[in-house]
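J.: This is a predicted model, with the sequence first.
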Amino acid sequence: MPKITVIQGPNINMLGKRDQNLYGVMSMDDIHKQMKIVADQANVEIEFFQSNLEGEIVDKIQECYGDSDGIIINPAAYSHTSIAIRDAIEAVRLPAIEVHITNIYKRDDFRQKSMISPVSAGCIVGFGPLGYHLAMVAMLQRFEQIKAYEEAQKQQNEQ
């Protein structure tokens, strides 16, 4: 059974409480419950992790090596500053999908550059909590592509 690890960065645990005009009313737990439903329907294991500390996020990404098949990550403010998180994602060589609840390209200048995007399979921004569902669909599609590629390679080797 494939496994997805969802990593949430600083202040994501405050969703539903912080600026609801910007971030909406859903809590992080509500988002996770919806993701779990999708994972169960797709027969995929899912694990959730949140930290406000950069080093803990790096540790969690490294733990994904050999344990997970993909990462969905909202590094939040660390998107714009963390070379350490970027390097960890690059090092584990797993498909990673970056999610942002808001459209970072419509916000402050310093929020418009992501250190994480260049090492991610894709980035979903500006769709609110729906972005996590879109990331799940994208990751499941990625798993299907990997499976099809591996099967094609196996058939070539058998010939």
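T.: Arrived safely. Bear in mind that the values here come from a model prediction, so they are computed numbers and not experimental data.
J.: can you give me the mean pLDDT across the helix or strand where Ile89 lies?
T.: Using DSSP states H and E, the element containing Ile89 is helix 83-92. Mean pLDDT, helix 83-92: 98.
J.: try stretch 36-56
T.: Stretch 36-56 shows a mean pLDDT of 97.
J.: just to revisit the earlier point, distance between the helix holding Ile89 and the chain's centre?
T.: Relative to its chain's centre, helix 83-92 lies at 13 Å (CA atoms, centre = their mean, to the nearest Å).
J.: For it, which outside residues touch it?
T.: 54-55, 57-58, 61-62, 64-65, 71, 73, 75, 78, 96, 115-116, 118-120 (CB atoms under 8 Å, 6 or more residues apart in numbering). Just so you know, the C-beta spots here come from the backbone N, C-alpha and C atoms, and that holds for glycine as well.
J.: Going toward the C-terminus from it, what's the next helix or strand?
T.: strand 96-100.
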